[in-house]
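Peer 1: Sequence and predicted structure are below.
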Amino acid sequence: MTEKEQTKQAWYIGAKRDEVGKAAILVGDPARIERIAAHMTDVHFVPEQRGLKTVTGTRGGQRITVSAFGMGAPIATIVLHELHALGIRNFLRIGTAMAVPPAKLGDFVLADGALRTDGTSNSYAPLGFPAIADFDLNLVVREKLKSSGKTWHAGIFGTYDGFYTEMFALSGERRSIIGKLKDDIQRLGLIGTDMETSALLTAARILGVRASTLCIATVDANTQEKIGDDLMATLEPDMFELALDSMAAMAAGEQ
Ligand SMILES: O=P(O)(O)O[C@H]1O[C@H](CO)[C@@H](O)[C@H]1O
Ligand SMILES: O=c1cc[nH]c(=O)[nH]1
């Protein structure tokens, strides 16, 4: 029996088959679930388990599921894997990423692929296997970005497991630790960094489903400057709209 035939209710997110839609958006922060739900109709909240929140609603005539994984690749892939086992074939992670020029704070960054600097993706495929976003999904997202008039960049992300050991120095002494991140960025021309994308893209390819990541650049990788909550609050609804419209288009194509 395949995973999909076997799974009627997901172990950790708790969703049953009839509680999920045809495409999924993965967010980190569970507080985004209520806020994105306001951009859909006929909304159904799946009972929360272990702090994992999921909502399904209608957008553009399609049922779309949004699940919050919290932070980091291990739990993000569990959520993707469970939604895949419930029958979902299209995934878009949305959220925040560290910015690298030419991306400026507040710009959108779209992953065409990702450097596999995470550990979780190794459990899906050996390191030589590339973490590549789905081409058709990214075409749809690109079209939505172009018509939005927003400033956006597409390219390769870097995904790291150690937030305070590899990505963000809390004190001056620790700055040397994140030297590798800056080196990777410069040497490899990364456009953004996060903690989930390479694992999600690898897992999705191995599971035979489509995935990508669209983020708002919220932290400058060189200066560690962050965008304020007020600016993020004005950008987040645009990210929700772009993501929901993209996934409604993908879900429509699955019919
Ligand atoms: O996209 P959001 O949920 O904002 O998450 C980002 O912020 C968290 C910490 O950096 C990581 O999970 C990262 O990917
Ligand atoms: O600094 C940051 C900001 C967002 N996401 C990350 O992974 N790191």
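Peer 2: Yes, it's here. Ligands and ions are numbered 1, 2, ... in the order given.
Peer 1: Any idea which residue of the protein lies closest to ligand 2?
Peer 2: Residue of the chain nearest ligand 2, by CB to the nearest ligand atom: Val219 (3.6 Å). The way it works is simple: take the backbone N, C-alpha and C, and place the C-beta from them, glycine included.
Peer 1: isn't there a strand covering that residue?
Peer 2: Yes. Counting by DSSP: H, G, I helix; E, B strand; the rest coil, Val219 is part of a strand.
Peer 1: what sits against it?
Peer 2: Applying CB atoms under 8 Å, 6 or more residues apart in numbering to Val219 gives the contacts Thr96, Ala97, Met98, Ala99, Leu105, Phe168, Glu225, Lys226, Ile227.
Peer 1: Next, work out how far apart Thr151 and Leu145 are.
Peer 2: 9 Å (CB to CB, to the nearest Å).
Peer 1: what sits in contact with each of the two?
Peer 2: Here Thr151 and Leu145 share the contacting residues Phe108, scored by CB under 8 Å, 6+ apart.
Peer 1: Counting neighbours around each, name which of the two comes out higher.
Peer 2: Neighbours were tallied for Thr151 and for Leu145 using other CB atoms under 10 Å; the higher tally belongs to Leu145 (20 against 13).
Peer 1: residues in contact with the more buried one?
Peer 2: By CB under 8 Å, 6+ apart, the contact list for Leu145 reads Phe108, Leu110, Trp152, Leu242.
Peer 1: again with Thr96
Peer 2: Gly28, Asp194, Cys215, Ile216, Ala217, Thr218, Val219, Met232.
Peer 1: quick one: the second one and Ala217 touch, right?
Peer 2: What that stands for is Asp194. No. Using CB atoms under 8 Å, Asp194 is not in contact with Ala217; the gap is 10.3 Å.
Peer 1: Show me whatever sits in contact with both of these two.
Peer 2: The contact sets of Asp194 and Ala217 overlap at Thr96, Ala97, Met98 (CB under 8 Å, 6+ apart).
Peer 1: Pull up the residues of the stretch 1-150 of the chain that are close to ligand 2.
Peer 2: Contact residues (CB under 6 Å from any ligand atom) of the stretch 1-150 of the chain with ligand 2: Thr96, Ala97, Met98.
Peer 1: Adding pLDDT, write those residues out as a markdown table.
Peer 2: Listed next are these as a markdown table, based on pLDDT from 0 to 100:
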| residue | pLDDT |
| --- | --- |
| Thr96 | 98 |
| Ala97 | 97 |
| Met98 | 94 |
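Peer 1: Alright, that wraps it up for me.
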